[in-house]
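Undergrad: let me see the structure of the following:
(one chain, ligands or ions: 2)
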Amino acid sequence: MPELSPVVARFRLGIPPEIRRRIRRADDALGRQFVPDVRELDRAPGEVPDPIGDQRFSPVEGLVHRYPDRVLLLPTLLCHVYCRFCFRRETVGDPGRGVLTEARTTAALQWLHQHPAVREVILTGGDPLVLSVARLARLVSRLAEVPHLRILRLHTRVPIVAPERITPELGEALRSRLATWVVLHTNHPDELGPAALAAAATLSGWGFPLLSQSVLLAGVNDQAETLIALFRTLVENRVKPYYLHHLDRAEGTDHFRVPLSRGQELVGVLRGRLSGIAQPTYVLDIPGGYGKVPIGPNYLHGGPTEGPGVYQVTDPWGGLHDYADLEGR
Ligand SMILES: *Cc1c(COP(=O)(O)O)cnc(C)c1O
Ligand code: SF4
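TA: Numbering: from 1, shown residues only. Ligands and ions are numbered 1, 2, ... in the order given. Take a look at the predicted model:
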């Protein structure tokens with residue numbers, strides 16, 4: 001389709017076989033996430049190249065440090081699949097900046113050694129599991145040598161979009177003294193075929209707790225039934241839904257936007273219908289780099305303006321109840 005060539009010239013295209021097999025139409029839940037669309041060339045108000053302000057919080061290349069106890073490390077900006085709504089789409093997939101060089105990795109590790117308050121390193125990118133097993137093994141062992149680090153977290157789509165990469169050699173490469181958590185990015189139950197679920201089972205068999213993060217996307221997962229099926233499937237496969245992200249304002253993503261009020265409504269439906277362990281937190285990454293916060297819905301109303309300790313609280317099905325807190329006695 002010639003009208004798509006300016007789109008793929010601007011934003012990288014990549015759809016691995018595991019996903020290609022599952023796309024039936026360009027406008028189904030998987031097609032919309034991965035097949036380029038001319039609307040990506042539109043720029044809506046508020047859309048910017050660096051929506052969550054990574055640049056401002058990067059002390060050395062490849063690191064983003066916004067919170068005192070944890071830091072992002074981006075060992076690569078390459079992915080196995082390129083999501084059309086990606087919040088780092090301006091930098092992700094650029095072959096010129098593919099993998100963090102040896103010198104820059106060393107500089108990032110030096111920074112880590114000098115920052116004893118950092119207990120957790122979050123490997124992201126790009127997708128850290130794009131790296132070769134040898135490179136990952138070396139990176140993990142260098143991280144494990146940083147004495148104050150306790151936790152290693154990987155944010156990845158690879159187990160779902162390229163499950164053949166979850167091999168015993170990878171398991172060896174990731175093994176270290178660090179508590180290793182894996183966060184799977186997945187947005188729709190159709191992504192979770194037998195091979196993807198087997199890859200998740202392999203990861204949990206290695207002893208890594210699994211979490212998921214999803215992005216709320218128009219035409220992909222903005223229906224309660226879809227989210228319920230997704231989160232149930234994840235929990236049944238030992239993956240705890242962690243975050244449901246409100247879409248960041250990256251360029252050319254307006255056709256994926258779900259209004260925040262609709263997001264709150266959906267999350268409210270989940271509260272009444274789904275097991276507590278299947279509930280993710282709905283979060284906004286505040287533009288400009290101010291961090292992630294839960295964005296509701298709100299269940300507690302009233303407070304000091306109504307009189308000390310006087311609240312009303314909404315139950316999971318929408319009923320309102322008075323609640324008198326201790327400070328009102
Ligand atoms: C998202 C993010 C994290 C991780 O936040 P959690 O709430 O711990 O999942 C850490 N650092 C930066 C810079 C981030 O953007
Ligand atoms: S896998 Fe993550 S980093 Fe890569 S394109 Fe998708 S959202 Fe962006």
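Undergrad: next one: D222 relative to ligand 2, how far apart?
TA: For D222, the distance to ligand 2 equals 17 Å [Cβ to the nearest ligand atom, to the nearest Å]. From N, CA and C alone the C-beta is placed, and that goes for glycine too.
Undergrad: show me the contacts for that residue.
TA: Counting by Cβ atoms under 8 Å, 6 or more residues apart in numbering, D222 makes contact with 216, 258, 262, 266.
Undergrad: what parts of the stretch 101-250 of the chain come near ligand 1?
TA: I122 (Cβ under 6 Å from any ligand atom).
Undergrad: ok, which stretches of the stretch 101-250 of the chain are helices?
TA: Secondary structure of the stretch 101-250 of the chain by DSSP state H, counting those that start in this stretch: the helices cover 102-113, 133-144, 158-161, 168-174, 194-205, 224-236.
Undergrad: now the third one: buried residues?
TA: Okay, so that is helix 158-161. 158-161 (16 or more other Cβ atoms under 10 Å).
Undergrad: again with the last one
TA: Taking 16+ other Cβ under 10 Å as the basis for neighbour counts, the residues of helix 224-236 that come out buried are 224, 226-235.
Undergrad: and which of those is nearest ligand 1?
TA: Distance ranking of the buried residues of helix 224-236 against ligand 1, using Cβ to the nearest ligand atom, places L234 first at 16.6 Å.
Undergrad: wait, what's in contact with that closest one?
TA: Applying Cβ under 8 Å, 6+ apart, the residues contacting L234 are 184, 186, 192, 212, 240-241, 278.
Undergrad: before we move on, the earlier item: what about the contacts of D222, which are in helices?
TA: Counting by DSSP state H, the contacts of D222 place 262, 266 in helices.
Undergrad: the residue nearest to the spatial centre of the chain bridge partners, please.
TA: By Cα atoms, centre = their mean, the chain has its centre lying nearest to Q213, at 4.4 Å. For Q213, the beta-bridge partners are H185, Y243 (DSSP bridges).
Undergrad: near ligand 2, which residues of the stretch 151-300 of the chain show up?
TA: 157, 185.
Undergrad: give me the residue from the stretch 151-300 of the chain nearest ligand 1.
TA: Nearest to ligand 1 in the stretch 151-300 of the chain, going by Cβ to the nearest ligand atom, is K292, at a distance of 5.1 Å.
Undergrad: from R262, how far out is that residue?
TA: Counting by Cβ to Cβ, to the nearest Å, the gap from K292 to R262 is 19 Å.
Undergrad: now do S5
TA: Per Cβ to Cβ, S5 is found 33 Å from R262.
Undergrad: which of those two has more neighbours?
TA: R262 (13 against 10; other Cβ atoms under 10 Å).
Undergrad: now the more buried one. Nearest residue, chain neighbours left out?
TA: D222 (6.7 Å; Cβ to Cβ, 6 or more residues apart in numbering).
Undergrad: follow-up on the earlier one: ok, the residue nearest to the centre of the chain - contacts?
TA: Contacts of Q213 by Cβ under 8 Å, 6+ apart are 155, 183-185, 242-245, 280.
Undergrad: ok, 7 Å please
TA: By Cβ atoms under 7 Å, 6 or more residues apart in numbering, Q213 lies in contact with 183, 185, 242-243, 245.
Undergrad: tell me the pLDDT at it?
TA: For Q213, the model assigns a pLDDT of 98.
Undergrad: do the same with P304
TA: 62.
Undergrad: residues contacting R21?
TA: Going by Cβ under 7 Å, 6+ apart, R21 touches no other residue.
Undergrad: would you reformat the helices of the stretch 101-250 of the chain as JSON lines and include mean pLDDT?
TA: Shown next, in JSON lines, are the helices of the stretch 101-250 of the chain (pLDDT from 0 to 100):
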{"stretch": "helix 102-113", "mean pLDDT": "98"}
{"stretch": "helix 133-144", "mean pLDDT": "98"}
{"stretch": "helix 158-161", "mean pLDDT": "98"}
{"stretch": "helix 168-174", "mean pLDDT": "98"}
{"stretch": "helix 194-205", "mean pLDDT": "98"}
{"stretch": "helix 224-236", "mean pLDDT": "98"}
